[in-house]
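In: Quick one, what's the 3D model for this:
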Amino acid sequence: MPEELKGKRMNQIKVSVIVPVYNVENYIEKCLYSLVTQTLSELEILVVNDGSKDNSDKIIARFVAQYPERIKVLVKENGGLSDARNFGMCYAEGEYIGFVDSDDYVDPEMYEVMYAKAKEGDYQIVECNLHHTFADYEDTEIGEQITEKKKLLMEGRSVVWNKIYKRDWLESTGVNFHKGIIYEDVEFFLKLIPHIERYAYVEPAFVHYVQRESSINHYSSEKTLDILKVLQELKEYYQQNGYFEEYEEALEYL
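Out: The predicted structure is shown next:
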């Protein structure tokens with residue numbers, strides 16, 4: 001946590017949403033509009049400009065001028081998606097943290113509904129469903145509501161942007177995003193599983209996961225082999241922290 005923020009957490013903020021931005025001028029406006037129009041008023045939007053070289057900064061500036069109480073802009077040199085998320089987490093002041101990718105968008109009630117669910121049972125993570133949004137159609141993904149941790153490790157949805165996380169719990173785990181790899185969501189989420197005690201779901205599909213042809217998830221390259229690094233890192237993490245024996249069969253399945 002930056003020194004200037006120690007002791008200055010704003011308890012009235014219920015959810016901090018971290019939005020990494022890098023050269024998404026064609027998408028960022030829709031993303032930000034979906035966040036500034038959230039029905040949850042006690043929400044802060046942390047936009048992390050990760051060294052964008054297009055017009056993303058101009059679009060962000062326009063939103064900040066219109067919604068100065070809701071948006072905070074953090075500017076850093078380009079370090080990639082994981083680095084931008086980690087950077088944003090340092091500045092989050094909310095009781096819960098959420099992540100939205102800058103080429104996606106969400107429904108207006110998302111954080112109000114998810115926060116209300118989180119408070120029902122002091123849940124550490126709350127998850128919602130999602131839409132796969134294409135240029136001319138959309139399909140909806142309704143996931144199984146898994147709470148058993150070994151099954152969650154084997155079959156849970158490891159994307160981070162359809163969830164909110166209790167901030168003080170998340171900080172206590174020491175888990176961050178692995179820089180310089182793809183599948184960073186997989187590693188982040190699966191490292192959290194041994195720490196989870198209370199996990200909940202809401203039924204609506206709030207997230208619109210925009211399908212871009214240029215997305216790295218839509219083609220194979222040498223970076224696809226990063227999944228092997230992730231799995232090795234997970235095995236070592238579980239071994240070093242005394243979780244391996246309990247989760248060995250689930251990790252083998254994974």
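In: show me where pLDDT drops low in this protein?
Out: Along the chain, the parts satisfying pLDDT under 70 run over 1-11, 214-220.
In: And the helices in it?
Out: 28-36, 56-66, 81-91, 110-121, 149-155, 167-173, 184-192, 226-240, 244-253 (DSSP state H).
In: Which among those is found nearest to residue 206?
Out: Nearest to residue 206, of all those, is helix 110-121, at 3.8 Å by C-beta to C-beta. Glycine gets a C-beta too; all of them are placed from N, C-alpha and C.
In: Distance from that closest one to the middle of the chain?
Out: Distance, stretch centre to chain centre, for helix 110-121: 16 Å (C-alpha atoms, centre = their mean, to the nearest Å).
In: mind checking how far residue 252 is from residue 232?
Out: As judged by C-beta to C-beta, to the nearest Å, residue 252 and residue 232 stand 13 Å apart.
In: let me redo that: residue 71
Out: Distance from residue 71 to residue 232, by C-beta to C-beta: 39 Å.
In: So which of the two has more stuff around it?
Out: Legend: neighbour count by other C-beta atoms under 10 Å for residue 71 and residue 232, higher for residue 71 (21 against 10).
In: That one contacts residue 31, doesn't it?
Out: No. The criterion here is C-beta atoms under 8 Å, and residue 71 misses it with residue 31 at 11.7 Å.
In: center of the chain - which residue?
Out: Centroid-nearest residue in the chain, with C-alpha atoms, centre = their mean: residue 99, separated by 3.1 Å.
In: ok, that residue - contacts?
Out: 17-19, 85, 160-161, 163 (C-beta atoms under 8 Å, 6 or more residues apart in numbering).
In: Include neighbour count and distance to residue 58 when you put the residues you listed into CSV, please.
Out: Output for the contacts of residue 99, formatted as CSV (neighbours: other C-beta atoms under 10 Å; distance: C-beta to C-beta, whole Å):
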residue, neighbour count, distance to residue 58
17, 27, 21
18, 25, 21
19, 28, 16
85, 25, 23
160, 22, 28
161, 18, 24
163, 22, 31
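In: Pull the most distant pair out of the residues you listed.
Out: Farthest apart among the contacts of residue 99 - using C-beta to C-beta - are 19 and 163, which lie 15.0 Å from each other.
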